[in-house]
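A.B. asks: Sharing a model that was predicted from the sequence below.
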Amino acid sequence: MTKILTIAWKDLRSTARNAPALAMMLLAPLALAALLGFAFGGGGGFDIAATEVAVANLDQGPTAVGESAGAAVAGILGSPGLKDVLSVQKKGDAAAARAAVDDGKDAVAVIIPADFSTVIYGGSPLAKTQVELYENPTQEIGGAIAEGVVGQALLEFNGARAAAAGALALRSQGDPPAAVLAKRAAQQFTHAGGVTAGLDISQRTPRLPGDQKTKDVSVTGAILAGMMVFFMFFGAANVARTILDEDRAGTLPRLFTTPTSYGVILGGKFASVFVTVMIQAVILLVAGRLIFSIDWGRLDAVVLLTLVAAGVASGLALLVISLTRTPAQAGAIGAGVYLVLALAGGNFTGTAQAGGTFGIVQKFTPNGWLLQGWDATMRGGGSADIRWQLLVPLGFAVAFFFVAVLRIRRRFA
Amino acid sequence: MSIVEVQELRKQYDPPKGVLAVDGVSFDIAGGEIFSLLGPNGAGKSTTISMLSCLLRPSGGDACVAGHSVVTEAQAVKEVIGVVPQDIALYPDMSARENLLFWGRMYGLSGEALKKRVDEILELITLVDRQKDRVEKFSGGMKRRVNIGVALLHKPKVLYLDEPTVGIDPQSRRSILDGILALRDQGMTILYTTHYMAEAQELSDRIGIVDHGRMIATGTHEELVKVVGEEARVTARVDHYLEGMAERWREVKGVEKVDLEEDEAVLVTQDPNEVLPRLFEAAAAAGARITEINVTEPNLEMVFLHLTGRALRE
């Protein structure tokens, strides 16, 4: 153990004396997060993919007095004009629609009630019903778009109902001229349509991890989380590359001539990489809090996510080192691996909950899971709520480490 | 009694078609002895040391160091050896003292014992005054001394030195050679590799001459020199007509052999004092003038030339 700590301490001191590496590890993520955060206004979220929407149209219409209003709403959601922002999947019932959201396949479920057409076309101004929006609260923009579209459709229906009711009321008072009727209907549409709404949206959310009240995540927070994970990979790679540097400098072979086992030497190297990226993460977390006022979330979740992220970064760095022979190779191949992972995992998009193909691809990357974890944590989730976001990356870390150790031992043995 | 016993040691990189760097080398080193492996670059000296250091696994054969096999008891071997690699293997951003402390811990030392030993080594390598300076600021000779000091921290029974004087100034070389002799006098067993004949001759109790991965001769300096008999070597340069002169010198009485090496003729003779006047006479008769002439008494380089047909420096 003493030897492991000695090797780790030696490497840590060496890293601390390497100013360019420190700048890369600490200043670059902060600067990028600041720039991108300011560019996006610092608040709210953003997304890049079309929101997946599950539509369960339970409407029993059409009725004798009109067409199916539910089909009309579903048609609007799936209209070609909205295909870039909404991707609609039809579901047979409400449970299936909600399950799609619960499973993370869809961001929002729109459940049109069975009495939807009846309420609209039934002629009773007192009749009410609600369209249910079942939203994943972590996909704010997607939910807002769906809510906006459905809300606009309901507004139109409500306005029409109000106009019709107004016209009917006027008609009952005599036989006014058509122009007066039209004016009255328009006034009712404009002023009473939204207020006396018989049609409303019922918003529900799935049970989030921990069922806690969710909080908004700032753009800067989301970006810094992505940048932090991304630059932890680079930070780890930078320290792990000392294995190849030492091999070339002759100090690693010399270490192997001392009565120190391969496992201890590699353990010391892993410890130095791990501690370095832990320190890097802590500095970035504190800086994010102090400079950008980012609320990272509950301490238990933050600590565990940081530890797991450091483990993934260290394991991956050692794996890259084990696959390369020179520092230049490690730099080039490592950069490629980290960039691909960052692109696939969502480090650059600032969103942890992507839908569609991107969401699927994200699940094959450790950083994608980590970002989901950070997103949930910043929304108030605790460690129990992000267990999969901890366990899956931990699995990646363990796999990376063992493959790396096997390869490195084989090379130097 | 032998403390190092090497038996048919063999190393082939990337078998079966890779380079055969060491081809069945065998030798023994007695306790308290300096044994030098002498040979040109690429002869297999460093590969042999790497196998004896448990850095490389032999493709065949074995070696025992202090009774432990380098193949099956690597950890035990590492406890009793100190290795001075050919290139400086230190951390340049750490001071001399920090380097010694780090390597001392790697050899299992700790606490006061470590500090005391580091102080002793700093005294030994005469760097007490510069102990807090970073190694990167040191001269080549000073780095070499720290490089050697590291290998002495745990008082090894056997010290391997792989060409420790390459690329340093004469003063530092002298200091290192004196230090090695002092270590031998203290009872340490030393395996020394070099391609400098003079170093091997000065330091060694016994010498092994290696070439192309094979041990071609072993023995004391005197024993090896006997291989070439009492022949002396004369190298001569002339102002022109070297090839023609070489032909004429072959006819001179007392000259046993003449070779051409670049711009000089290399002659072998039993009695240079008798032959030299004849060489001048022959040159004058041919209208040539000798511009430089050197006489070398029998030495290891001649042994190597005799055994391989090539000069050691090639």
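C.D. replies: Structure received.

A.B. asks: How about the residues of the stretch 51-200 of chain B by chain A?
C.D. replies: B:53-55, B:57, B:75, B:78-79, B:81, B:83, B:85, B:87-91, B:93-94, B:102-103, B:105-108, B:110, B:150 (C-beta under 8 Å from any C-beta of the partner chain). Every C-beta, even on glycine, is put in place using the N, C-alpha and C of the backbone.

A.B. asks: Kindly report the residues of chain A close to chain B.
C.D. replies: So far as C-beta under 8 Å from any C-beta goes, chain A lies against chain B at A:2-3, A:6, A:10, A:13-14, A:17, A:249-251, A:253-261, A:413.

A.B. asks: Strands along chain B, start to end?
C.D. replies: Counting by DSSP state E, chain B has these strands, from start to end: B:2-12, B:20-30, B:34-38, B:60-65, B:68-69, B:81-84, B:158-162, B:189-194, B:206-211, B:214-219, B:232-238, B:255-261, B:264-269, B:290-296.

A.B. asks: Residue B:135: which of those strands is closest?
C.D. replies: Of all these, strand B:81-84 sits nearest to residue B:135, with 15.0 Å by C-beta to C-beta.

A.B. asks: Going by proximity to chain B, name the top residue of chain A.
C.D. replies: residue A:250 (3.6 Å; C-beta to the nearest C-beta).

A.B. asks: number of nearby residues for the nearest residue to that residue once chain neighbours are set aside?
C.D. replies: Of all residues not flanking residue A:250 in the chain, residue B:89 sits nearest, at 3.6 Å (C-beta to C-beta, 6 or more residues apart in numbering or on different chains). Other residues near residue B:89 come to 23 when the count uses other C-beta atoms under 10 Å in any protein chain shown.

A.B. asks: who's in contact with residue B:89?
C.D. replies: A:249, A:250, A:251, A:253, A:254, B:147, B:150 (C-beta atoms under 8 Å, 6 or more residues apart in numbering or on different chains).

A.B. asks: Most neighbours among the residues you listed, which one?
C.D. replies: Busiest of these [other C-beta under 10 Å] is residue B:150, holding 27 neighbours.

A.B. asks: count of neighbours near the closest residue in space to that one that isn't next to it in sequence?
C.D. replies: Residue nearest to residue B:150 in three dimensions, not counting chain neighbours: residue B:103, with 4.4 Å by C-beta to C-beta, 6+ apart. Burial of residue B:103 is recorded as 26 neighbouring residues (other C-beta under 10 Å).

A.B. asks: got a list of what residue B:103 touches?
C.D. replies: Per C-beta under 8 Å, 6+ apart, neighbours of residue B:103: A:258, B:150, B:153.

A.B. asks: Next: residue B:295.
C.D. replies: Contacts of residue B:295 by C-beta under 8 Å, 6+ apart are B:232, B:233, B:234, B:272, B:276.

A.B. asks: Bridged to it, which residues?
C.D. replies: Beta bridges link residue B:295 to residue B:234, judged by DSSP bridges.

A.B. asks: distance of it from residue B:233?
C.D. replies: Noted for residue B:295: a distance of 7 Å to residue B:233, by C-beta to C-beta, to the nearest Å.

A.B. asks: Dump the contacts of residue B:295 to TSV, plus pLDDT, distance to residue B:190 and neighbour count.
C.D. replies: As requested, the contacts of residue B:295 are exported to TSV (pLDDT from 0 to 100; distance: C-beta to C-beta, whole Å; neighbours: other C-beta atoms under 10 Å in any protein chain shown):
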residue	pLDDT	distance to residue B:190	neighbour count
B:232	85	31	19
B:233	85	29	22
B:234	92	35	21
B:272	88	35	20
B:276	93	40	18
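
A.B. asks: For the residues you listed, work out which two are farthest apart.
C.D. replies: B:233 and B:276 (12.6 Å).

A.B. asks: And the residue of chain B found nearest chain A, its phi and psi?
C.D. replies: Nearest to chain A in chain B, going by C-beta to the nearest C-beta, is residue B:89, at a distance of 3.6 Å. Torsion angles at residue B:89 (phi, psi; degrees, to the nearest 10) stand at phi -120, psi 80.

A.B. asks: Pull the contacting residues for residue A:94.
C.D. replies: A:56, A:58, A:109, A:111, A:132.

A.B. asks: mind running it again at 6 Å?
C.D. replies: A:56, A:111 (C-beta atoms under 6 Å, 6 or more residues apart in numbering or on different chains).

A.B. asks: pretty sure residue B:149 is touching residue B:121, no?
C.D. replies: Yes. Between residue B:149 and residue B:121 there is a contact at 4.4 Å, judged by C-beta atoms under 6 Å.

A.B. asks: which neighbours do those two share?
C.D. replies: Joint contacts of residue B:149 and residue B:121 (C-beta under 6 Å, 6+ apart) do not exist.

A.B. asks: quick one: low-confidence ranges for the stretch 251-400 of chain A?
C.D. replies: Counting by pLDDT under 70, the stretch 251-400 of chain A has low-confidence residues at A:350-356.

A.B. asks: What ranges does it have for its strands?
C.D. replies: Using DSSP state E, counting those that start in this stretch, no strands are found in the stretch 251-400 of chain A.

A.B. asks: ok, back up a step: just the closest of the contacts of residue B:103 to residue A:375, please.
C.D. replies: Distances from residue A:375 to these, taken by C-beta to C-beta, are shortest for residue A:258, at 46.3 Å.

A.B. asks: phi, psi of the closest one?
C.D. replies: Taking degrees, to the nearest 10 as the convention, residue A:258 sits at phi -90, psi 160.

A.B. asks: ok, how many other residues are close to it?
C.D. replies: Neighbourhood size, residue A:258 [other C-beta under 10 Å]: 26.

A.B. asks: just residue A:384 next, same as before
C.D. replies: Residue A:384: 11 neighbours (other C-beta under 10 Å).

A.B. asks: And residue B:260, by the same measure?
C.D. replies: 12.

A.B. asks: what residues are up against it?
C.D. replies: residue B:246.

A.B. asks: quick one on the thing from earlier: would you mind listing which of the residues of chain A next to chain B are buried?
C.D. replies: Taking 16 or more other C-beta atoms under 10 Å in any protein chain shown as the criterion, what is buried in the residues of chain A next to chain B is A:3, A:6, A:10, A:14, A:249-251, A:253-260.

A.B. asks: Mind checking which of these are in helices?
C.D. replies: Judged by DSSP state H, those include A:3, A:6, A:10, A:14, A:249, A:251, A:253, A:254, A:255, A:256, A:257 as members of helices.

A.B. asks: Now do the longest helix anywhere in chain A: which elements does it pack against?
C.D. replies: Counting residues, the longest helix found in chain A (DSSP H) is helix A:140-172. Secondary-structure packing of helix A:140-172 (3 or more C-beta pairs under 6 Å, 6 or more residues apart in numbering or on different chains; DSSP states H and E): strand A:51-57, helix A:69-77, strand A:108-112, strand A:129-135, helix A:178-187, strand A:199-204.
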